[in-house]
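Colleague: got a predicted structure plus its sequence, pasted below:
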Amino acid sequence: MSDETAPQDVPTVRTRVAALGDRLAMHFEAGRVRLDGIQVADLDTPAPEGTRIVIAGS
């Protein structure tokens with residue numbers, strides 16, 4: 001999902017884990033980023049409060 005279709009008030013996976021900085025891309029490319037147990041295919045996937053983001057294998 002792109003920013004164009006995501007509601008502006010809902011944070012995305014990317015915004016919620018922005019503190020990882022450059023490491024986020026490394027974890028994403030390795031398939032380690034999960035949202036409520038499902039591998040994230042797009043960092044711009046909506047991730048509202050209450051959802052759980054896990055960097056698997058870290």
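Modeller: Arrived safely. What you are looking at is a predicted structure, and each value in this text was computed from that prediction instead of being measured.

Colleague: to what extent is Thr12 buried, counted in neighbours?
Modeller: Thr12: 21 surrounding residues under other CB atoms under 10 Å. Every C-beta, even on glycine, is put in place using the N, C-alpha and C of the backbone.

Colleague: distance check, the nearest residue to it once chain neighbours are set aside against Arg14.
Modeller: Spatial nearest neighbour of Thr12, chain neighbours left out: Asp44 (4.9 Å); criterion: CB to CB, 6 or more residues apart in numbering. Distance, Asp44 to Arg14, by CB to CB, to the nearest Å: 6 Å.

Colleague: same deal with Leu24?
Modeller: Distance of Leu24 to Arg14, computed by CB to CB: 7 Å.

Colleague: which residues are common contacts for the two?
Modeller: Leu43 (CB atoms under 8 Å, 6 or more residues apart in numbering).

Colleague: can you give me the helices in the protein?
Modeller: All helices of the chain, identified by DSSP state H, fall at 13-16, 22-29.

Colleague: closest to the centroid, which residue in this structure?
Modeller: For the chain, the residue nearest the mean C-alpha position is Val13 (2.5 Å; CA atoms, centre = their mean).

Colleague: quick check: it touching Arg52?
Modeller: No: under the criterion of CB atoms under 8 Å, Val13 makes no contact with Arg52, lying 11.0 Å away.
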